[in-house]
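Asks: based on what follows, work out the 3D shape:
(one chain, ligands or ions: 1)
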Amino acid sequence: MAREQEAQGAQVSEAQIAVHWREEEYYHPPARFIGQANAADPAIFERFSEEHFPECFKEYADLLTWDAYWHTTLDASKPPFWKWFVGGRLNASYNCVDRHLATSRNKAALIWVPEPETEDTQAITYQELYKRVNEFAALLRGLGRVKVGDRMTFHLPMVPELPVSMLACARLGVIHSEVFGGFSGAACGDRIADSGSRILVTMDGYCRNGELIDHKAKADQAVAAARERGVEVEKVLVWRRHPGRYASKSPMVAGRDFFVDELLKDYRGQEVKPVSMPAEAPLFLMYTSGTTARPKGCQHSTGGYLAYVAGTSKYYQDIHPEDTYWCFADIGWITGHSYIVYGPLALGTTSVMYEGAPTYPDPGRPWRIAERLGVNIFHTAPTTIRMLRKLGPDEPKKYDYHFKHMTTVGEPIEPDVWRWYHSVVGKGEAVIVDTWWQTENGGFLGSTLPALKPMKPGSCGPGVLGIYPVIYDENRNVVEAGSGRAGNICIRNPWPGIFQTIWGQPERFVQIYYEKYCRDKDSKDWRDWPYLAGDGAVQAADGYFRILGRIDDVINVAGHRLGTKELESASITVEEIAEAAAVPVMDELRGRAVEMYVSLKPGLAPSKDIEDKVAKAIEAQIGKIARPKNVWIVPDMPKTRSGKIMRRVIAGISNFADVGDTTTLSNPEVVEGIRHHVQGEKLSRGQVPRELSPQEMEEIKAFGRAE
Ligand code: WTA
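Replies: A predicted model of the protein is given here:
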């Protein structure tokens, strides 16, 4: 009650986001974890303090093997185009593969778990990875068309051929651009065109939810889409999921399409010397936010990026060479690039990859994998955690695995879900890091250092080593820690993992990330160029940040700016609810009203009673102002490749507006069912829509971060 009054009373200005979270309790890392941690001495905070910036990052760069050492740690003379480790030369493929041969030739670099349980797990040693990478690099070179700095697009699923292809490109100095395998051919074609790739590397099929999916068909659509945008793909290289056996119905185009397993026969045993690249040469592009505007190809560097992911993997993932580390994410997402491939392999550890769906053939699957392989570090996203909690809440208990460390990444985690992760998945034994960062960032920005700081459910923690965040309000004032007010989280300094630019769109890079808080655009001092992350956040008195979600995800109800995550966390406290998404709906009286979409735990039937409970929970935890106009119980939410709910699509449905492009959804088929149900019900409730103004239409389209 007291909290409700507080929320009602907490009138906030347009520039602020109302915050109603309560402070959560601390959890302390187990002594056993602290005893073995890579970072267990608090002196590390001093080493990375602002006073030692930027030289502190030498510690990360020294984890790598350099062909030539750098002379300048940070060249900030052309803000915001930072250059790290200038003068240094290295090769990423050499660092992730060759240099481990001397000590770890026979150790598994990758353990690949195919989705069908009837297929054997493949352990690929560093020696074998070396061979595969070299042979594929030789093949690419043999095509006679690839040179340093060229771009090459991959549209590959979660198979070992993906890291092999990445590392082969890196070996040659070719910039790879992996498009998430679940994306449509059209989305892939757009990214091929944007990056100007002439070669597409794909696979005939892959296993997902018990089916062998025809993937090559998408390559034909991609080539056609790229052609429409004036870029001609010359070669399509097709790996086969089962070499020798073609799984697709799509015909191979003579002179354009080639089976990689057939071509490779000519390259057996060939070696390619790693090309020594300048530290600031681009290593790869990773596209983000591609549906409402031109996709943004985030360009990542070789030296700075690799140093940053190696350093954060060591201290924040606590990876030791003998650990078995499993990041359960897709390599088509930045998390997979940094924390399945480049970070763990740079450290010479064993990185597990899984091909399929989390709950195939049943929700015990991840824990069987963990038990069988002896995984002791586990890394995944809240969406997967929620799904496993929904479908198999008691499964972890049935398996004998022990995690020392777990990660959550990708969106704010509801404290209730965090507690389930900790007690059930982690069996109370594992330390958790909640890592906040972005495709643009290369590696973590906010997290606790696992042995040295307590955990707090729902908060990512302070800025990571060498990252100095600040929260600004709309008027450029600093929002102080402990003030209870939220604002725009920014990073005051450059760091080695930051992307270099948006491929081909440098003005947009400056405008989106730097313009808003730049103090003087002629200044050559990095201190005048804070990086705008685009997330709302609040900082508690202890210095921990709680991320509210994208700034665009705020719902303004009669002048109260409500964070979607708060509404969703409140909904999830209702026992029956598995997942929740909040969207705005145009409202004559209040400007915008809140509308909730929820899905239920299995075996439960939708009921008016559950809808009421959700509305009550929101009213009690946030305030009357937030009471949803409708609560829609749906079987599943439209989601992106990384499992984020695509709020823009359901916001479109709620407002009888265009749902926009759905080709980048992982489950586009759910959209029609939701639309039919929600719009039919609205009409029968007499909620006849009024026509939206063009501006309102834009707002709905932009709602949520489009992937
Ligand atoms: C959100 C993912 C809260 C945030 C690596 C960010 C998070 C966007 C967290 C980037 C977290 C990511 N807590 N929010 N631990 N991690 N986000 O580019 O809104 O797919 O801006 O990169 O996800 O998503 P992206």
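Asks: next one: residue 421 from the ligand, what distance?
Replies: Separation of residue 421 from the ligand (Cβ to the nearest ligand atom, to the nearest Å): 12 Å. (Each C-beta comes from the backbone N, C-alpha and C, glycine too.)
Asks: in the stretch 551-700 of the chain, which residue sits nearest the ligand?
Replies: Here the residue of the stretch 551-700 of the chain nearest the ligand is residue 642; by Cβ to the nearest ligand atom that distance is 5.3 Å.
Asks: per-residue pLDDT, that residue?
Replies: At residue 642 the predicted local distance difference test score is 78.
Asks: residues contacting it?
Replies: Residues in contact with residue 642, defined by Cβ atoms under 8 Å, 6 or more residues apart in numbering, are 329-330, 333, 335, 381, 383, 410, 707.
Asks: lowest-confidence one in these?
Replies: Least confident entry in the contacts of residue 642, by pLDDT: residue 707, with 42.
Asks: quick one, helices of the stretch 51-200 of the chain?
Replies: For the stretch 51-200 of the chain, applying DSSP state H, counting those that start in this stretch gives helices covering 58-61, 92-96, 101-104, 126-142, 161-172, 185-195.
Asks: which of those helices sits closest to the ligand?
Replies: Once Cβ to the nearest ligand atom is applied to those, the stretch that comes out nearest is helix 185-195, at 15.2 Å.
Asks: same for the closest one, what does it pack against?
Replies: The helices and strands touching helix 185-195, judged by 3 or more Cβ pairs under 8 Å, 6 or more residues apart in numbering; DSSP states H and E, are strand 151-155, strand 175-178, helix 216-228, strand 282-288, strand 296-301.
Asks: next one: the residue of the stretch 551-700 of the chain closest to the ligand from residue 411, what distance?
Replies: In this structure, residue 642 and residue 411 are separated by 9 Å, where distance is defined by Cβ to Cβ, to the nearest Å.
Asks: common neighbours of these two, please.
Replies: For the pair residue 642 and residue 411, residues contacting each of them under the criterion Cβ under 8 Å, 6+ apart are 381, 383.
Asks: so what's the residue count around the residue in the stretch 351-500 of the chain that the ligand sits nearest to?
Replies: Using Cβ to the nearest ligand atom, the closest approach of the stretch 351-500 of the chain to the ligand is made by residue 439 at 3.4 Å. Applying the criterion other Cβ atoms under 10 Å, we find 20 residues in the vicinity of residue 439.
Asks: pretty sure it sits against residue 298.
Replies: Yes: if you go by Cβ atoms under 8 Å, residue 439 and residue 298 touch, sitting 5.3 Å apart.
Asks: which neighbours do these two have in common?
Replies: When contacts are counted by Cβ under 8 Å, 6+ apart, the set common to residue 439 and residue 298 consists of 286, 288, 334, 499.
Asks: in contact with the closest residue to the ligand within the stretch 501-650 of the chain: list those residues for me.
Replies: Checking the stretch 501-650 of the chain residue by residue against the ligand with Cβ to the nearest ligand atom singles out residue 547 as nearest, at 3.6 Å. For residue 547, the contacting residues are 412, 436, 446, 460, 489, 535-537, 565, taking Cβ under 8 Å, 6+ apart as the criterion.
Asks: for residue 534, see how far away it is.
Replies: To residue 534, residue 547 is 11 Å away according to Cβ to Cβ.
Asks: which residues are in contact with both of these two?
Replies: Looking at what touches both residue 547 and residue 534 (by Cβ under 8 Å, 6+ apart), there is no common residue.
Asks: can you pull the buried residues of the helix or strand where residue 615 lies?
Replies: With elements taken from DSSP states H and E, the one containing residue 615 is helix 608-621. Taking 16 or more other Cβ atoms under 10 Å as the neighbour-count basis, helix 608-621 is seen to contain the buried residues 610-611, 613-615, 617-619, 621.
Asks: go on, stretch 123-132?
Replies: Within stretch 123-132, the residues that qualify as buried are 124-132, counting by 16+ other Cβ under 10 Å.
Asks: kindly report the same for stretch 448-461.
Replies: Within stretch 448-461, the residues scored as buried using 16+ other Cβ under 10 Å are 448-453, 455-461.
Asks: over to stretch 677-694?
Replies: Burial within stretch 677-694, assessed by neighbour count using 16+ other Cβ under 10 Å, is assigned to 678, 682, 692.
Asks: how about residue 339, secondary structure?
Replies: Three-state assignment for residue 339 (DSSP: H, G, I helix; E, B strand; the rest coil): helix.
Asks: could I get the pLDDT score of it?
Replies: Looking at residue 339, its pLDDT is 98.
Asks: give the rounded mean pLDDT of the helix holding residue 615.
Replies: Mean pLDDT, helix 608-621: 92.
Asks: and the residue in the stretch 1-150 of the chain that the ligand sits nearest to, what does it touch?
Replies: When you check the stretch 1-150 of the chain against the ligand by Cβ to the nearest ligand atom, the closest residue turns out to be residue 21, at 12.9 Å. By Cβ under 8 Å, 6+ apart, the contact set of residue 21 is 458, 538, 546, 566, 569.
Asks: residue contacts, residue 215?
Replies: By Cβ under 8 Å, 6+ apart, the residues touching residue 215 are 155, 157, 181, 202-206, 248.
Asks: can you pick out the most distant pair from these?
Replies: Farthest apart among the contacts of residue 215 by Cβ to Cβ are 181 and 248. That separation is 13.6 Å.
Asks: and the pLDDT for whichever residue of the stretch 151-300 of the chain sits closest to the ligand?
Replies: When distances are taken as Cβ to the nearest ligand atom, the stretch 151-300 of the chain approaches the ligand most closely through residue 288, which lies 5.4 Å from it. With respect to pLDDT, residue 288 has a value of 83.
Asks: go on, residue 626?
Replies: The per-residue pLDDT of residue 626 was computed as 85.
Asks: list phi and psi for it.
Replies: Per-residue torsions, residue 626: phi -90, psi 0 (degrees, to the nearest 10).
Asks: was I right about it contacting residue 620?
Replies: No: judged on Cβ under 8 Å, residue 626 makes no contact with residue 620 at a distance of 10.2 Å.
Asks: hang on, residue 244 packs against residue 261?
Replies: Yes: judged on Cβ under 8 Å, residue 244 makes contact with residue 261 at a distance of 6.6 Å.
Asks: now stretch 501-519: buried residues?
Replies: For stretch 501-519, the buried set under the neighbour-count rule, 16+ other Cβ under 10 Å, comprises 501-503, 505, 509-510, 512-514, 517-518.
Asks: now that stretch: how far from the chain's centre is it?
Replies: Centroid separation for stretch 501-519 versus its chain: 21 Å, with Cα atoms, centre = their mean, to the nearest Å.
Asks: for the record, mean pLDDT for it?
Replies: In this model, stretch 501-519 carries a mean pLDDT of 96.
Asks: next, see if it gets close to the ligand.
Replies: No: where contact is defined by Cβ under 6 Å from any ligand atom, no part of stretch 501-519 touches the ligand; the two come within 11.6 Å at best.
Asks: got the residues of the chain near the ligand?
Replies: Residues of the chain lying near the ligand by Cβ under 6 Å from any ligand atom: 288, 334-335, 409-412, 434-439, 460, 533-535, 547, 549-550, 642.
Asks: so which of those belong to helices?
Replies: The subset of the residues of the chain next to the ligand located in helices under the criterion DSSP state H comprises 334-335.
Asks: out of the contacts of residue 215, the closest to residue 577 would be?
Replies: Checking these one by one against residue 577 (Cβ to Cβ), the nearest turns out to be residue 181, at 30.3 Å.
Asks: so that closest one is in contact with residue 155, correct?
Replies: Yes: in this structure residue 181 lies within contact range of residue 155 using Cβ under 8 Å: 6.3 Å.
Asks: neighbour count winner among these two?
Replies: Shown here are residue 181 and residue 155; by other Cβ under 10 Å, residue 155 has more neighbours (30 against 24).
Asks: I'd say that one and residue 219 touch.
Replies: Yes: counting by Cβ under 8 Å, residue 155 sits close enough to residue 219 to count as a contact (6.6 Å).
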